[in-house]
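S.K.: Any chance you can model this:
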Amino acid sequence: MKASKNPIHAVSRWIRRQPPKMKVFLAVVSVIAALVFLKMVVEDHDNLFVAAETVHALGTCVLVYKLSKEKTCAGLSLKSQELTALFLAVRLYCSFVMEYDIHTLLDSATLGTTLWVIYMIRFNLRSSYMSDKDNFGIYYVVIPCAALSMFIHPSTSHHWFNRICWAFCVYLEAVSVLPQLRVMQNTEIVEPFTAHYVFALGVARFLSCAHWVIQVFDTQGRLLTALGYGLWPFMVLLSEIVQTSILADFCYYYVRSLVGGQLVVRLPSGVV
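M.R.: All right, here's what the predicted structure looks like:
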């Protein structure tokens, strides 16, 4: 009787009972349906990228509220925040020297709040920082991203240093959330505000990925040509897909916990 009155719970239980291959198939169908929906509803698909940056900024504001209200940074990865600040700073530099637009303003706001979060974790709330859980080596992502950007970067008419910086921030953004996922993997329980923030990142990554995928279809592949030649256009799309896929598992468990009325997100071992 209860299941019949709550179809959302019934669907959730049905999905959990499915074998892995069926879950993958359902996930692919859901993504395609979401892309088709966005393509039909959003007239100017450039707004998807603006929406992605706005959601990211809102997610960071959730962290600001958490640190201000609860006076604790437990469950947050300082390393993820530092990587985020790094790729945002590089992207801002690229915006100023290559194309100044609305994205520059949004990135400036997000960078400002991210730097504030870093300051709070490093100084005001240092006692609650879980340094033993935040044990992901950032050099594992910074060095490969820097090396990759030296070899695969845009082939536009901009200065070579600016093109390398552009590639570096694209690659680093794709993996900047890995330290935060490691913290959640180590704790296996994610408190509400941190969960809201990471889910906002997942939504932002999906909207950004949707922007690129839809634009490629709209231009019949001409967008890839405009980005340059060689492997760079492929790496842009791959980076968008990677950063969306990285957060897919967490977003599933976030929605599942939300539907179940749970205030915290419990992650099975090995999910992230």
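S.K.: Can you tell me how far residue 262 is from residue 207?
M.R.: The gap separating residue 262 from residue 207 is 26 Å, by CB to CB, to the nearest Å. C-beta here means a position set from N, CA and C on the backbone, and glycine is covered the same way.
S.K.: and these two? which has more neighbours close in?
M.R.: When neighbours are counted by other CB atoms under 10 Å, residue 262 and residue 207 differ, and residue 207 comes out ahead with 23 against 14.
S.K.: For the residue nearest to the more buried one when sequence neighbours are not counted, give me phi and psi.
M.R.: Spatial nearest neighbour of residue 207, chain neighbours left out: residue 52 (3.9 Å); criterion: CB to CB, 6 or more residues apart in numbering. When read as degrees, to the nearest 10, the backbone of residue 52 gives phi -60, psi -50.
S.K.: With residue 265 instead?
M.R.: phi -100, psi 120.
S.K.: which residues pair with it across the strands?
M.R.: Per DSSP bridges, residues listed as beta-bridge partners of residue 265: residue 190.
S.K.: Please verify my assumption that it contacts residue 188.
M.R.: No: applying CB atoms under 8 Å as the test, residue 265 and residue 188 come out as separate, 9.6 Å apart.
S.K.: is it true that the residue nearest to residue 207 touches residue 212?
M.R.: No: contact criterion CB under 8 Å: residue 52 and residue 212 do not qualify, at 10.2 Å.
S.K.: For the two, work out which one has more neighbours and name it.
M.R.: A direct count of neighbours by other CB under 10 Å for residue 52 and residue 212 places residue 52 higher, at 23 against 20.
S.K.: what are the ranges of the helices in the stretch 101-250 of the chain?
M.R.: 102-119, 139-151, 160-175, 178-187, 192-218, 222-227, 232-259 (DSSP state H, counting those that start in this stretch).
S.K.: wait, which of those helices is closest to residue 90?
M.R.: The closest of these to residue 90 is helix 160-175. By CB to CB, the value is 4.1 Å.
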